[in-house]
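Visitor: Generate a structure from the sequence data that follows.
(one chain, ligands or ions: 1)
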Amino acid sequence: MDNSKDLNAYILSQRLNYGKEFSDTYSNYDNPFTLFGEWFQLAMNEGSGEPHAMNLATATSTFHVSSRIVLLRDFTEQGFSFFTNYQSKKGQDLLSQKNCALNFYWHNIEKQVRIEGFAEKVSTTESDDYFATRPRESQIGAWASAQSENLESRDMLHNKISELEKRYTDMPVPRPPHWGGFRVVPNYFEFWQGRESRLHDRLAFTLTDDETWTRQVLQP
Ligand SMILES: Cc1cc2nc3c(=O)[nH]c(=O)nc-3n(C[C@H](O)[C@H](O)[C@H](O)COP(=O)(O)O)c2cc1C
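Guide: A predicted model of the protein is given here:
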């Protein structure tokens with residue numbers, strides 16, 4: 001890599017002093033979903049690009065960990081939902097080992113939310129309803145792509161798409177049985193906001209056995 005020296009010099013020179021968006025009311029919240037909603041709204045209002053893009057970390061049953069970005073499609077006190085191919089790497093991970101973690105980072109407001117919990121499949125009705133709202137090309141794509149498997153050629157993918165377009169001419173595209181939603185049901189949240197001199201605020205919420213949330217302030 002020819003430019004690694006320049007890139008590393010650049011990386012080393014970067015030292016943002018956080019603290020411009022910090023709010024001191026955040027520690028008054030006792031429901032993490034409410035605080036999540038407030039911060040999400042703030043990220044949205046301040047023009048964060050795709051504030052609903054979240055990192056999803058999964059693991060196999062033998063503890064091989066991986067992560068990727070997915071798009072949040074719905075959040076309620078029941079959990080955080082996203083849609084994917086159940087046969088993809090993440091899908092296989094979550095079906096065999098349901099513990100997982102989400103991470104939202106909103107650079108524009110210098111805030112991060114970490115969530116830990118377990119994933120469950122959303123109902124087939126929820127998956128059907130969401131699938132029906134997707135553009136037709138994405139619906140066809142969900143049939144055409146065996147997500148995370150080896151792609152022999154881009155042409156093969158396009159041929160598959162043409163075949164599927166013919167098959168579903170003048171009719172709605174049904175949801176593939178291997179495509180649908182997962183809901184991440186949280187048992188832990190951590191709200192981080194950048195403060196000056198790296199003395200950041202960290203507020204954690206842990207779900208107790210009696211289904212209430214306890215709060216804890218963590219060292220930066
Ligand atoms: C901004 C962004 C949004 C994405 N949204 C999704 C999504 O909602 N669902 C999905 O399956 N993949 C989504 N992806 C692609 C995943 O990051 C990933 O490449 C893909 O799901 C395969 O992951 P896997 O092999 O670990 O299963 C998105 C990627 C980016 C960068």
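
Visitor: Now do the helices in this structure.
Guide: For the chain, the helices defined by DSSP state H occupy 4-13, 32-45, 89-96, 124-133, 136-144, 154-167.

Visitor: any idea of the mean pLDDT for the second one?
Guide: Put plainly, it is helix 32-45. Across helix 32-45, the average pLDDT comes to 96.

Visitor: What lies in contact with that helix?
Guide: Helix 32-45 is touched from outside by 21, 26, 29, 51-52, 75-77, 104, 106, 108-109, 111, 113, 186, 189, 191, 203, 205, 213, with contacts defined as C-beta atoms under 8 Å, 6 or more residues apart in numbering. Bear in mind the C-beta positions are built from the backbone N, C-alpha and C, glycine included.

Visitor: For ChimeraX, write a command that selects the buried ones of these.
Guide: Per 16 or more other C-beta atoms under 10 Å, the buried members of these correspond to this ChimeraX selection:
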select :29,51,52,75,104,106,109,111,113,186,189,191,203,205,213
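
Visitor: Which of the contacts of helix 32-45 fall within strands?
Guide: 75, 76, 104, 106, 111, 113, 186, 189, 191, 203, 205, 213 (DSSP state E).

Visitor: contacting residues around the last one?
Guide: Okay, so that is residue 213. So residue 213 contacts 30, 31, 32, 205, 206, 207 (C-beta under 8 Å, 6+ apart).

Visitor: cool, and the fourth one?
Guide: If you count contacts by C-beta under 8 Å, 6+ apart, residue 106 has them with 39, 42, 43, 46, 48, 51, 112.

Visitor: between those residues, which is closest to the ligand?
Guide: Of all these, the ligand sits closest to residue 51, with 11.3 Å by C-beta to the nearest ligand atom.

Visitor: so how far is residue 81 from the closest residue to the closest one other than its chain neighbours?
Guide: In space, and not counting its chain neighbours, residue 51 is closest to residue 43: 4.0 Å by C-beta to C-beta, 6 or more residues apart in numbering. Distance, residue 43 to residue 81, using C-beta to C-beta, to the nearest Å: 18 Å.

Visitor: How about residue 49?
Guide: From residue 49 across to residue 81, the span is 21 Å (C-beta to C-beta).
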